[in-house]
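Participant: what follows is a protein structure lacking sequence information:
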C-alpha cells in the first residue's frame, strides 16, 4: 500500500444510514489527506449538498485514479452483485474495508484472484453522533499500516477496538452491534412506566434518556466497576434495593433474559455469516411445577366496568368480585376492541391475584386479567370459564 503521507483515494460504495454516518464524520473531521468518492444510487440531500461544495465526488462517471481504500457499506444480499460491478476498480494494492454484516473474508477472497488485504469493521449506530464503537479485524493479507489506516478512519466516530480473529465479530455483533437496540428498548420501558405512574411524556422522556446518558458517562469516567457503582446507589431496604430484587432474580431477572437474548443474537450472526449451522434454542423459558403454583389464578366476576380515557392505550377500568376470601379487586384491561362496558358486567374471567398493585395513571390495578390475542391478532379476548365456576375458585 502506498505511503500514508500522500493523499489517498477512498471510494465508499453505499451511503445509506451507516455509510452516510461514516461520511458525515469524515467530512466534519476534515480528513485532508483523503479524496472521498461516493457511489450511491439514491443520494440524500446532504450528500448532494456536500458534493456541490466539492467535499466529496458523488457518483463520478469514471474513476481513473487508483483506489487506495474501498469501503463497502451496502446490504449483505447485494454484495455479490456489487463486487462483480466494481471488480475492475480494485487492484491488489487496494485495501478493502467492509462494514457489511454477515459476509466474511472468504466471501471477498472468492471474488478476487489476487490476495487482497481486507479489514472487517463492525460499527454501531451511535457513530452517527461520533459516540459509537467500532470493532476491526484484519485478514492475513492486511499489514500494520492497513490496520493503522482503518483505525484512523473510524477513531473520529467514537472508540475503536481490534479483535484477535474473525470469529469474534459474531460476539461483537451481539454485544455492541445490536446493543443500542437493547438500550433503546430499556429507555422505552422507563418512559412507559413513568407515564403510567402519572408523569408527562416530556418529563418521562427527559428523565429516562438522561439517566442512561449520565450512567454511561459515570461508568466511563470512573475507575469503579459497574458493580461498585450499582452498590453505591443501593441503600439497604431502600427503593433501589426493592427494584433490584426483581431485576436480579436468578430465574426471572435480567441476567437469564440478557443471556438468552445475547445468545440468540450471537447464533443469528453465525447463521447469517454461514460460519456455523446451529439449532436455535427453544424460545420457551422452562419452569418447575413449584414455580407455576406460585402464580395464584382465580375466577372473578365483573361487577362494574367503565372506559378509562386517561390510559396510555385504550382500556377499561374493571371492578371484579373474587368471593369472600379476596373480596373486590380493581384492574385495568386493554380489551376495548371486542367488548363494551355494559357487556362485561356479569362475565366470569380468570385473573392473577398475587401480583403487586400497579399504578396506571390515577388508577391502581390490583390484579392481572388474563386474555389471548384473537385470530387476526387485532385485539385481546378474555379467558373465561366454559361453564359457570365458583367465584374465587383457583385455577389448577
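Facilitator: Arrived safely. Only a predicted model underlies this, so the values are computations on that prediction, with no experimental measurement involved.
Participant: now residue 210: phi and psi?
Facilitator: phi -70, psi -30 (degrees, to the nearest 10).
Participant: nearest to the middle of this structure, which residue? Look it up for me.
Facilitator: residue 181 (1.6 Å; C-alpha atoms, centre = their mean).
Participant: helices or strands next to the helix or strand that one falls within in the packing?
Facilitator: Using DSSP states H and E, residue 181 maps to helix 179-196. When contacts are defined as 3 or more C-beta pairs under 8 Å, 6 or more residues apart in numbering; DSSP states H and E, helix 179-196 sits against helix 201-221, strand 358-360. Any C-beta I mention is one placed from the backbone N, CA and C, and that applies to glycine too.
Participant: what's the most buried one of these?
Facilitator: strand 358-360 (a mean of 17; mean count of other C-beta atoms under 10 Å).
Participant: which residues are contacting it?
Facilitator: 196, 197, 198, 311, 315, 332, 364, 365 (C-beta atoms under 8 Å, 6 or more residues apart in numbering).
Participant: from the chain's centroid, how far away is the helix holding residue 181?
Facilitator: Averaged C-alpha coordinates place helix 179-196 at 11 Å from its chain's average position (C-alpha atoms, centre = their mean, to the nearest Å).
Participant: that helix vs helix 201-221, what angle?
Facilitator: Inter-element angle recorded for helix 179-196 and helix 201-221: 140 degrees (by axes from the mean of the first three to the mean of the last three C-alpha atoms, to 10 degrees).
Participant: list the buried residues in helix 179-196.
Facilitator: Of the residues in helix 179-196, 179, 187, 190, 191, 194, 195, 196 count as buried by neighbour count, 16 or more other C-beta atoms under 10 Å.
Participant: which of those sits closest to residue 221?
Facilitator: Closest approach to residue 221 among those (C-beta to C-beta): residue 179, at 19.6 Å.
Participant: was I right about the closest one contacting residue 124?
Facilitator: Yes. Assessed by C-beta atoms under 8 Å, residue 179 is found in contact with residue 124 at 6.4 Å.
Participant: contacting residues around residue 241?
Facilitator: Contacts of residue 241 (C-beta under 8 Å, 6+ apart): 234, 235.
Participant: which SSE is it in?
Facilitator: Short version, using DSSP H and E: residue 241 is in helix 239-247.
Participant: give the next helix or strand downstream of that helix.
Facilitator: helix 254-273.
Participant: just give me how far that next one sits from the chain centre.
Facilitator: 12 Å.
Participant: roughly how far apart are the nearest residue to residue 125 once chain neighbours are set aside and residue 392?
Facilitator: Among residues not flanking residue 125 along the chain, residue 180 sits closest, at 5.1 Å (C-beta to C-beta, 6 or more residues apart in numbering). Computed as C-beta to C-beta, to the nearest Å, the residue 180 to residue 392 distance reads 47 Å.
Participant: try residue 380
Facilitator: In terms of C-beta to C-beta, residue 380 sits 23 Å off from residue 392.
Participant: show me what contacts residue 55?
Facilitator: Applying C-beta under 8 Å, 6+ apart, the residues near residue 55 are 27, 36.
Participant: how about the one 5 residues further on?
Facilitator: By C-beta under 8 Å, 6+ apart, the contact list for residue 60 reads residue 37.
Participant: now do the SS call for it.
Facilitator: With DSSP: H, G, I helix; E, B strand; the rest coil as the basis, residue 60 sits in coil.
Participant: low-confidence ranges, this protein, go.
Facilitator: 1-6, 31-32, 113, 275-286 (pLDDT under 70).
Participant: okay, now the domains of it?
Facilitator: 8-163, 178-233, 236-286, 290-382 (automatic domain parsing).
Participant: looking at those, which is closest to residue 172?
Facilitator: That would be domain 8-163 among the domains of the chain, by C-beta to C-beta, at 4.2 Å.
Participant: gap between that closest one and the chain center?
Facilitator: For domain 8-163, the distance to the chain centre is 24 Å (C-alpha atoms, centre = their mean).
Participant: buried residues, the longest strand along the chain. List them.
Facilitator: If you go by DSSP state E, the chain has its longest strand at strand 297-307. Under the neighbour-count criterion of 16+ other C-beta under 10 Å, strand 297-307 has 297, 298, 299, 300, 301, 302, 305 buried.
Participant: between the helix holding residue 181 and helix 254-273, how many degrees?
Facilitator: Computed by the same axes, to 10 degrees, the angle between helix 179-196 and helix 254-273 is 140 degrees.
Participant: just to revisit the earlier point, from residue 300, how far off is the residue nearest to the centre of the chain?
Facilitator: Distance from residue 181 to residue 300, by C-beta to C-beta: 38 Å.
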